[in-house]
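Engineer: can't give you the sequence, but here's the structure:
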């Protein structure tokens, strides 16, 4: 396993945010210029490069390509290039700035939303070091078929379109110069069809391929796909797009993956029900802890909705919120006991979640912890008892201590995501140095060592 790329969506934090008073840095006027990316926050980047999607950025001149960037941000990216835009000009020479077309954004449409020339123009303007050909996702996956049998008419159409676009993309990429590496995308409905796509890409002249369509697949399915692709294309570099199985990363070392991208470590900081905080254990593995949900009584949309409906009392919520925060912070200072802290946290959770008025049911269901209150106290107890924030030496944990495990607002949640990125990156670095013969063998899955 080699380089880990982070798929960015302008995930930044205010480095001087005041957590005690819940206030941004005085004088902060422009979040893009005043806030920092994870690689700026840590100094040493918690990833080996950045992947940026055309769908995420959008194009000011193409209404169909509207992304998350404002007009001015999209124009600045194209004017100064991705490295300068993300303020990472001083990164190592092998730092990857990779573009892709964002095919998930048009996955339900018959054809890709844009054309090869538009994607090439985006890559040229952003001055990426690497870029993926224009693909169209194939969602079917059937391990029982062989060769090019199976697949629906739409699967086969997408397979053909992806390869046709790859051929046109490779011709056009020659104009981007020797500093740009074109990457041909593999799509297919079975391991054999994906292997055939890989063979055709290599025949076109690609020496770097990317395997797409992996996000919805289970681990055994991903393994069978990668094994088939690697057998068909043993001598080219391979990227895995949207690698969502970060917990199982060690199981994929044998496939000779040169790079992969994921947002999982950051997203799980606030989107996972249980595993919000990563921490390497002494054996080199990863532990996962549940963040303590203490939503802001005034700012939280769903708590406000419950208050307006009369399901909860706003003054009571604010008091219970304050008591929960004081208890957790007191516990971190060794001034409050564990059970007392848990009681305060769970009392606040119950006040927001357990309202009896049916009008508030929808808002209650959206509150963190509402879906699975049973066992929540036990998970919180494990987090607090571990004092995991004290066991980590990263800047995020060192600066704000126990606040890092509080599920409460963007500034805490993103810092926890930054921490997770750093922990995950350390695991990837260790795997990079691990000798393949030490890995547990798996029958019928060939092992391929990483290329220089």
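Structural biologist: Right, received. Where do you want to start? Since this is a predicted model, take the numbers as computed values, not measurements.
Engineer: could I get the buried residue list for stretch 324-331?
Structural biologist: 324, 325, 327, 328, 329, 330, 331 (16 or more other CB atoms under 10 Å). Quick note: C-beta positions are derived from backbone N, CA and C, even for glycine.
Engineer: isn't there a strand covering the last one?
Structural biologist: No. Judged by DSSP: H, G, I helix; E, B strand; the rest coil, residue 331 forms no part of a strand; its state is helix.
Engineer: look at it and report its pLDDT.
Structural biologist: pLDDT, residue 331: 98.
Engineer: wait, isn't it in contact with residue 342?
Structural biologist: No. Residue 331 is beyond contact range of residue 342, at 9.1 Å (criterion: CB atoms under 8 Å).
Engineer: need the overlap of contacts for those two.
Structural biologist: Shared contacts of residue 331 and residue 342, defined by CB atoms under 8 Å, 6 or more residues apart in numbering, are found at residue 384.
Engineer: quick check, residue 253 in a helix?
Structural biologist: Yes. Judged by three-state DSSP, residue 253 forms part of a helix.
Engineer: please begin residue numbering at 672 from this point
Structural biologist: Shifting the count to begin at 672 puts that one at residue 924.
Engineer: that one and residue 1102 touch, don't they?
Structural biologist: Yes. Counting by CB under 8 Å, residue 924 touches residue 1102, with 5.7 Å between them.
Engineer: quick one, which of the two is more surrounded?
Structural biologist: Neighbours were counted for residue 924 and for residue 1102 using other CB atoms under 10 Å; residue 924 has more, 21 against 17.
Engineer: now for residue 920: which residues touch it?
Structural biologist: 672, 914, 1098, 1099, 1102.
Engineer: among those, which lie within helices?
Structural biologist: 1098, 1099, 1102 (DSSP state H).
Engineer: tell me how far the first one lies from residue 962.
Structural biologist: The one in question is residue 1098. Using CB to CB, to the nearest Å, we find residue 1098 at a distance of 20 Å from residue 962.
Engineer: so what's residue 954 scoring on pLDDT?
Structural biologist: On the pLDDT scale, residue 954 gets 87.
Engineer: mind listing the helices for the stretch 922-1071 of the chain?
Structural biologist: 935-942, 972-979, 985-1003, 1009-1024, 1032-1037, 1047-1057, 1066-1071 (DSSP state H, counting those that start in this stretch).
Engineer: any idea which of the ones you listed has the lowest pLDDT on average?
Structural biologist: Of all those, the minimum mean pLDDT falls on helix 1032-1037 (a mean of 44).
Engineer: dump the helices of the stretch 922-1071 of the chain into a markdown table; add distance to residue 769 as well.
Structural biologist: Shown next, in a markdown table, are the helices of the stretch 922-1071 of the chain (distance: least, CB to CB, whole Å):
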| stretch | distance to residue 769 |
| --- | --- |
| helix 935-942 | 17 |
| helix 972-979 | 35 |
| helix 985-1003 | 40 |
| helix 1009-1024 | 41 |
| helix 1032-1037 | 35 |
| helix 1047-1057 | 35 |
| helix 1066-1071 | 25 |
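Engineer: the ones you listed: which one's closest to residue 680?
Structural biologist: helix 935-942 (9.4 Å; CB to CB).
Engineer: name the residues that touch that closest one?
Structural biologist: Helix 935-942 has contacts (CB under 8 Å, 6+ apart) with 677, 682, 914-915, 917, 946-949, 962, 1078, 1084-1085, 1087-1092, 1094-1095.
Engineer: of the residues you listed, which belong to strands?
Structural biologist: 677, 948, 949, 1078 (DSSP state E).
Engineer: looking at the buried residues of stretch 995-1002, which one is closest to residue 891?
Structural biologist: Checking the buried residues of stretch 995-1002 against residue 891 with CB to CB, the nearest one is residue 999 at 40.6 Å.
Engineer: tell me, what residue is most central in this structure?
Structural biologist: Note on the chain: the residue nearest the mean C-alpha position is residue 934, at 0.7 Å, using CA atoms, centre = their mean.
Engineer: please tell me how far it sits from residue 926.
Structural biologist: Where residue 926 is concerned, residue 934 sits at a distance of 21 Å (CB to CB).
Engineer: same check on residue 875?
Structural biologist: 22 Å.
Engineer: out of the two, which sits in the more crowded spot?
Structural biologist: residue 926 (24 against 16).
Engineer: that one against residue 901, yeah?
Structural biologist: Yes. Using CB under 8 Å, residue 926 is in contact with residue 901, at 5.3 Å.
Engineer: now do the end-to-end distance for stretch 846-862.
Structural biologist: 33 Å (CA to CA, to the nearest Å).
Engineer: so what's the gap between it and the chain middle?
Structural biologist: Relative to the chain's own centre, stretch 846-862 is displaced by 21 Å; criterion: CA atoms, centre = their mean, to the nearest Å.
Engineer: check stretch 799-809 too.
Structural biologist: The mean C-alpha position of stretch 799-809 is separated from the chain mean by 18 Å, CA atoms, centre = their mean.
Engineer: gap between the two ends of that stretch?
Structural biologist: Start-to-end, stretch 799-809 (CA to CA) is 26 Å.
Engineer: with stretch 911-926 instead?
Structural biologist: Stretch 911-926: ends 11 Å apart by CA to CA.
Engineer: can you give me how far it is from the chain middle?
Structural biologist: With CA atoms, centre = their mean, you get 13 Å for stretch 911-926.
Engineer: can you pull the buried residues of it?
Structural biologist: Under 16+ other CB under 10 Å, the buried positions of stretch 911-926 are 911-917, 920-926.
Engineer: check stretch 1062-1081 too.
Structural biologist: Residues 1063, 1065-1068, 1071-1080 are the ones in stretch 1062-1081 that count as buried (16+ other CB under 10 Å).
Engineer: again, but for stretch 833-853
Structural biologist: So for stretch 833-853, counting by 16+ other CB under 10 Å, buried means 833-834, 836-841, 843-844, 847, 851-853.
Engineer: and which of those residues is nearest residue 888?
Structural biologist: For the buried residues of stretch 833-853, the nearest to residue 888 is residue 833 (17.0 Å; CB to CB).
Engineer: give the rounded mean pLDDT of the helix or strand encompassing the closest one.
Structural biologist: According to DSSP states H and E, residue 833 maps onto helix 824-844. The average of the pLDDT scores along helix 824-844 is 97.
Engineer: any idea how far residue 892 is from residue 762?
Structural biologist: For residue 892 relative to residue 762 (CB to CB), the value is 34 Å.
Engineer: repeat for residue 729
Structural biologist: Applying CB to CB to residue 729 and residue 762 gives a distance of 25 Å.
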